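> what shape does this take:
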Amino acid sequence: MFFDWTYFVLVMPAVIFALWANARVNSTYKRYSRVSNARGLTGADAARLVLDRNGLNNVPVEAVNGNLSDHYDPKENVVRLSKDVYYGKSCASIGIACHEVGHAIQYAEHYAPAKFRMAIVPITNIGSMLSMPLIILGLLLGGFTPWISNLVYAGIACFGLSTIFQLVTLPTEFNASRRALVAIEENNFLYGDELVGTKKVLTAAALTYVAALAVSLMQLLRLLLIFGGRRD
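A predicted model of the protein is given here:
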């Protein structure tokens, strides 16, 4: 029976880290979604105020279904908040709403990492779909026609695109959180323990992106170790 040590040594720890990060963001959000802000602002209120004060009156704020489904859609130029965040008056709601507004401000200011991430989305999606089929084809057919074995390397390169996407995501997300905290403090949305709670929510969310990059990097390294040195 074949034992794939690369998976257990490289990928498995990253996967466990990712599972822990996802569990932590959910538990942290659940905890601080019960801590109301003293001003009684909803996530939608905070998002609207920050957008308007940054000259983004044309960017709407919409409520959408789903748990932690909050996002900024650059194609539609709209901030979409999950209903719990949109209507919620917790410090967690304020933090998440302002984080998504941070993304809207990034695009308005032509923040390079955000623009680059958006630009590579189509090629990253294609690469993700083609990576494993190309590797499998290269392995199966490489023995018949030597040049076809190069499909293995093409597949690894395609997978590498998703790793680049995850890498560019980190500064984009960290910057959006920084912008959110600055806006919260400048506008006096939260005070004392409320602000501490929001920082914990945003930090927990940031860890999920770190974990996603770790998984992608370890998977890429695993592919390079298994197939990178092939000569036939």
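> was I right about residue 58 contacting residue 76?
No - look at residue 58 against residue 76 with Cβ atoms under 8 Å: they stay out of range, at 11.7 Å. For glycine as for every other residue, the C-beta is placed from the backbone atoms N, C-alpha and C.
> shared neighbours of these two, anything?
Common contacts of residue 58 and residue 76 (Cβ atoms under 8 Å, 6 or more residues apart in numbering): none found.
> pLDDT weak spots in this protein?
Residue ranges of the chain with pLDDT under 70: 1-3, 142-146, 228-232.
> so for the helix or strand hosting residue 171, what gets flagged as buried?
Following DSSP states H and E, one finds residue 171 within helix 150-186. Residues 151-156, 158-166, 168-169, 171-173, 175-177, 179-181, 183-184 are the ones in helix 150-186 that count as buried (16 or more other Cβ atoms under 10 Å).
> check stretch 11-31 too.
Neighbour counts over stretch 11-31 (16+ other Cβ under 10 Å) mark 11, 14, 15, 17, 18, 21, 22, 24, 25, 28, 29 as buried.
> also stretch 77-97?
78-82, 84-86, 88-97.
> contacts for the helix or strand hosting residue 16 next, please.
Under the criterion of DSSP H and E, residue 16 resides in helix 12-32. When contacts are defined by Cβ under 8 Å, 6+ apart, helix 12-32 is touched by residues 68, 90-92, 95-96, 197-198, 200-201, 204-205, 207-208, 210-212, 214-215, 217-219.
> let me see the ranges of the helices in the protein.
5-6, 12-32, 43-53, 83-87, 91-108, 112-141, 150-186, 193-227 (DSSP state H).
> contacting residues around the closest residue in space to residue 54 that isn't next to it in sequence?
The shortest distance from residue 54 to any non-neighbouring residue, by Cβ to Cβ, 6 or more residues apart in numbering, is to residue 105 (5.5 Å). For residue 105, the contact set (Cβ under 8 Å, 6+ apart) comprises 50, 54, 56, 111, 179.
> which one of the residues you listed has the most neighbours?
residue 50 (28 neighbours; other Cβ atoms under 10 Å).
> how much space between that residue and residue 35?
Residue 50 is 20 Å from residue 35, where distance means Cβ to Cβ, to the nearest Å.
> ditto for residue 121
Separation of residue 121 from residue 35 (Cβ to Cβ): 35 Å.
> swap in residue 75?
34 Å.
> which one of those two is surrounded by more residues?
residue 35 (18 against 7).
> who are the neighbours in contact with the more buried one?
Contacts here follow Cβ under 8 Å, 6+ apart; on that basis residue 35 touches 90, 91, 92, 193, 194, 197.
> what is the neighbour count of the closest residue in space to the third one that isn't next to it in sequence?
Right, the one you point to is residue 92. In space, and not counting its chain neighbours, residue 92 is closest to residue 32: 4.1 Å by Cβ to Cβ, 6+ apart. Per other Cβ under 10 Å, the neighbour tally for residue 32 reads 24.
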